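# give the three-dimensional model of this entry:
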Amino acid sequence: MTVSCSPTAVQSGQTSSCTATVTGTGSFNTAVSWGSSAGTVDANGVFTAQAVTASTSVTVNAASVQDTTQVGSATVTVTPVSAISVACTPAAIQPRQSSQCIASANGSSTTTVNWSSNIGTIPFGTISASGLFTAPQVTASTQATITAVTQVANVTGTTSVTVNVNNTAPLVVDGGPTVNGVSIGYPNGVYATVTVCTKDATTCQTIDHVLVDTGSVGFRVLSSALGSVSLQGQKLSDGSWLAECYVRPDGYAWGSVALAQVQVAGEIAAPIPVEVIAPSGFSAAPVSCTTQTTGGALSTVSTLKANGILGIGLSVQDCGSTCATGTPAPNTYSYYSCPSSGCFAIQVATSEQVTNPVTLFPNDKNGSLIQFPPVFSGGSPTAQGSLIFGIGTQPNNGLLTATVYAVTATGLNPGSFTSTYNSTAYPGSISSGANANYFLSSGITGYPGCTTNTAFYCPSSDQTVAVTNTGTNGASGAVSLTVSNADTLLLSGNTAFSNLAGPGTGRTGGFLFGVPFFYGRSVFTAINGASTPGGNGPYFAY
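A predicted model of the protein is given here:
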């Protein structure tokens, strides 16, 4: 019986593979049983070294199972660990995700260590005996220190794992919220869930079916959706209440401006000015607000088509310098002072204006990304997508192959690139708050309007629209849109349509690429002035 082990010298926690050679005459059993004077050796002869503080010789034995008096042995020298290194993969994770950490002793993997995960001296997350680190919830990007300590002599090695905020919120297109148990049946509405808290975060309400809109800025919520959360309105220096008139093509939303904490996924903006729509007992909307649109008050779930609006568009504030200086321009009034005698239009500092929540997130604050799978002709009952905050700030929001289309920051059509159709240039923009691709008019396209759903086109057969988009940075790319008969589509019972389109009346004199444009794409929105891997915003990229 002879035994050999390789390697013949190992460190604590390392292994050596041993083999036994049994010789004899006639027929005999070559099986052996293994043993060792220290450490462990398995049935296959793999020896695992014990923890030592000094160089130690260990005898590894093999005995014949047929004749136990026949024994062979070999010596393995076990040396103490003098240095530990630690590596964790991946090195950046989000809450509740895991990173596998491995300890190496003098360059070779070892398992005879004790693991810990901390921020300073405070335990952080959990880490198993095998080195699997699982991250807890965080409100800002956090570095955890991962430590491996040898079980003898306390040799220590460390590394760090970055725990990023959960920057991903699920999106759904499902026909919208319900009223008295019945869906409002809004096609192509993109919704997220948002948690709203008082400015001191003592009382919170989680609100579903908040419309996600890359074409507007700021968080707006129906007072009726706030439940037990009471958002105190903001007062101006003269003691009057600050109000806002938010106008969109189908109507106006009137309400008070309040401070609130807004949370989407793991991202928190607190506190920021928001609009509370139709608060109880608040001053009525003045005529100078209501006459800015031919639509009515957007004061209910049925009219707003949502419980609130999450405006995550190109700007920091919803109005900016236009509403901060000079004299308010008629038909564009946004902010009002509301003393007891009635409300009148005013200019307000940008710091008091309804603010894009993304800009107040701790790290992922330069923009956002919306992703949806394709929706094919005929539509789908629902569609699920993702809203990811930040551009190039985490592993899940890189631009990759997306083309950046820079847009105007000011001027007649702020937030626009050029869309060329039939050799004519028009302003173009992108908005997840638009439930169709809205563009031009029946007189230009030749597509008739619908008789039932009059906001849309109803051609007798599917039409293809070829458009070339060109950014202010010179980037250019072709886009193909399909236009189907909206009356037919909306009779299907589906809620997600990639071929729903309508004239731009009241919305744009050119092209407004709405939710159908998002299906099958990753669409980025970079905030004005924000630094991103694709350059400073504002821009769209897809």
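# per-domain residue ranges of this protein.
The chain breaks down by automatic domain parsing into domains covering 2-79, 84-163, 176-360, 367-541.
# relative to Pro170, which of these is closest?
Closest of these to Pro170 is domain 367-541, at 6.5 Å (criterion: C-beta to C-beta). All C-beta spots, glycine's among them, are computed from the backbone N, C-alpha and C.
# model confidence over that closest one, on average?
The average pLDDT within domain 367-541 is 97.
# before we move on, what about stretch 148-159?
Averaged across stretch 148-159, pLDDT comes to 90.
# what about it, how long is it end to end?
End-to-end distance of stretch 148-159 (C-alpha to C-alpha, to the nearest Å): 9 Å.
# thinking again about what came up before, can you redo the domains of the chain as JSON lines with mean neighbour count?
Output for those, formatted as JSON lines (neighbours: other C-beta atoms under 10 Å):
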{"stretch": "domain 2-79", "mean neighbour count": "16"}
{"stretch": "domain 84-163", "mean neighbour count": "17"}
{"stretch": "domain 176-360", "mean neighbour count": "19"}
{"stretch": "domain 367-541", "mean neighbour count": "19"}
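# will you turn those into TSV that also has distance to Pro170?
Formatted as TSV, the domains of the chain follow (distance: least, C-beta to C-beta, whole Å):
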stretch	distance to Pro170
domain 2-79	43
domain 84-163	14
domain 176-360	7
domain 367-541	6
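# let me see the ranges of the helices in this structure.
Here the chain has its helices, by DSSP state H, at 287-290, 301-304, 442-445, 486-490, 515-518.
# which residues touch the longest one?
Looking back up the chat, that one is helix 486-490. Residues from elsewhere that reach helix 486-490 (C-beta atoms under 8 Å, 6 or more residues apart in numbering): 187, 378-379, 436, 450-453, 456-458, 497, 499-502.
# out of those residues, list just those in strands.
Ala501, Gly502 (DSSP state E).
# among the contacts of helix 486-490, which two are most distant?
The most widely separated members of the contacts of helix 486-490 are Gly378 and Thr451, with 20.7 Å between them, by C-beta to C-beta.
# wait, doesn't Leu314 sit right on Pro538?
Yes - between Leu314 and Pro538 there is a contact at 4.1 Å, judged by C-beta atoms under 8 Å.
# give me the common contacts of these two.
Between them, Leu314 and Pro538 have Val407, Ala409, Gly415, Ala526, Ile527, Asn528 as joint contacts when contacts are counted by C-beta under 8 Å, 6+ apart.
# just these now: which is nearest Ala169?
Ile527 (17.4 Å).
# now do that closest one against Pro357, distance only.
11 Å (C-beta to C-beta, to the nearest Å).
# related to what we said a few turns ago, with distance to Ile268 added, can I get the shared contacts of Leu314 and Pro538 in TSV?
Shown next, in TSV, are those (distance: C-beta to C-beta, whole Å):
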residue	distance to Ile268
Val407	28
Ala409	27
Gly415	26
Ala526	21
Ile527	17
Asn528	22
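# which of those residues fall in strands?
Within the shared contacts of Leu314 and Pro538, residues falling in strands by DSSP E are Ala526.
# quick one: which of the shared contacts of Leu314 and Pro538 is nearest to Ala91?
Nearest to Ala91, judged by C-beta to C-beta, of the shared contacts of Leu314 and Pro538 is Ala526 at 26.0 Å.
# let me see the contact set for the residue nearest to that closest one when sequence neighbours are not counted.
The shortest distance from Ala526 to any non-neighbouring residue, by C-beta to C-beta, 6 or more residues apart in numbering, is to Gly537 (3.3 Å). For Gly537, the contacting residues are Leu314, Asn366, Gly367, Ala526, Ile527, Asn528, Gly529, Ala530, by C-beta under 8 Å, 6+ apart.
# how much space between the third one and Asn356?
What it means is Gly367. Using C-beta to C-beta, Gly367 is found at 10 Å from Asn356.
# can you list residues touching both of those two?
Residues touching both Gly367 and Asn356 by C-beta under 8 Å, 6+ apart: Ile527.
# my read: Thr195 touches Asp208, true?
No - proximity of Thr195 to Asp208 does not meet the contact threshold set by C-beta under 8 Å, at 10.4 Å.
# residues in a beta bridge with the residue nearest to Ala526, which ones?
Under DSSP bridges, the beta-bridge partners of Gly537 are Asn528.
# before we move on, what about Ala466?
Assigned bridge partners for Ala466, using DSSP bridges, are Ser480.
# surely it is in contact with Ser480?
Yes - applying C-beta under 8 Å, one finds Ala466 in contact with Ser480, separated by 5.9 Å.
# on the pLDDT front, check Val76 for me.
98.
# and it, what does it touch?
The neighbourhood of Val76, defined by C-beta under 8 Å, 6+ apart, consists of Cys5, Thr8, Ala9, Val10, Ser16, Cys18, Phe47, Ala49, Ser57, Val58, Val60.
# tabulate the residues you listed in TSV, adding columns for distance to Ser108 and pLDDT.
Output for these, formatted as TSV (distance: C-beta to C-beta, whole Å; pLDDT from 0 to 100):
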residue	distance to Ser108	pLDDT
Cys5	16	97
Thr8	15	97
Ala9	11	94
Val10	8	91
Ser16	11	95
Cys18	18	97
Phe47	14	96
Ala49	11	90
Ser57	19	97
Val58	17	98
Val60	19	97
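# what's the closest of the residues you listed to Thr126?
The shortest approach to Thr126 among these belongs to Ala49, at 28.1 Å (C-beta to C-beta).
# distance of that closest one from Ser130?
18 Å.
# what sits against Ser334?
With contact taken as C-beta under 8 Å, 6+ apart, Ser334 is in contact with Glu244, Cys245, Tyr246, Asp318, Cys319, Cys323, Pro328, Ala345.
# need the worst-confidence member of these.
Ranked by pLDDT, these bottom out at Pro328, which scores 73.
# name the nearest residue to it, ignoring sequence neighbours.
Ala345 (4.4 Å).
# I figured the one you found hits Val287, correct?
No - contact criterion C-beta under 8 Å: Ala345 and Val287 do not qualify, at 11.0 Å.
# export stretch 13-31 as CSV, just CAs?
Extracted in CSV, the C-alpha atoms of stretch 13-31 (Å, rounded to 0.1, in the frame of the first residue of the first chain):
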residue,chain,number,x,y,z
GLY,A,13,-8.4,25.6,4.5
GLN,A,14,-6.8,24.5,1.2
THR,A,15,-7.0,20.9,-0.2
SER,A,16,-4.6,18.2,-1.3
SER,A,17,-5.7,15.3,-3.5
CYS,A,18,-4.4,12.0,-2.2
THR,A,19,-4.3,8.6,-4.1
ALA,A,20,-3.7,5.1,-2.7
THR,A,21,-2.1,2.3,-4.7
VAL,A,22,-2.9,-1.2,-3.6
THR,A,23,-0.7,-4.1,-4.9
GLY,A,24,-0.8,-7.8,-4.3
THR,A,25,-1.2,-11.2,-6.0
GLY,A,26,-4.3,-12.9,-7.2
SER,A,27,-7.7,-11.4,-7.0
PHE,A,28,-8.1,-8.6,-4.3
ASN,A,29,-10.2,-5.5,-3.5
THR,A,30,-8.4,-2.2,-4.2
ALA,A,31,-10.8,-0.1,-2.2
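# what residues does that stretch touch?
Against stretch 13-31 from outside (C-beta under 8 Å, 6+ apart): 1-8, 10, 32, 34, 41, 45-49, 51, 60, 62, 64-66, 70, 72, 74, 76, 81, 105, 108-113, 150.
# please repeat the previous calculation with a cut-off of 7 Å.
Stretch 13-31 is contacted by residues 1-7, 10, 32, 41, 45-49, 60, 62, 64-66, 72, 74, 76, 105, 108, 110-112 when judged by C-beta atoms under 7 Å, 6 or more residues apart in numbering.
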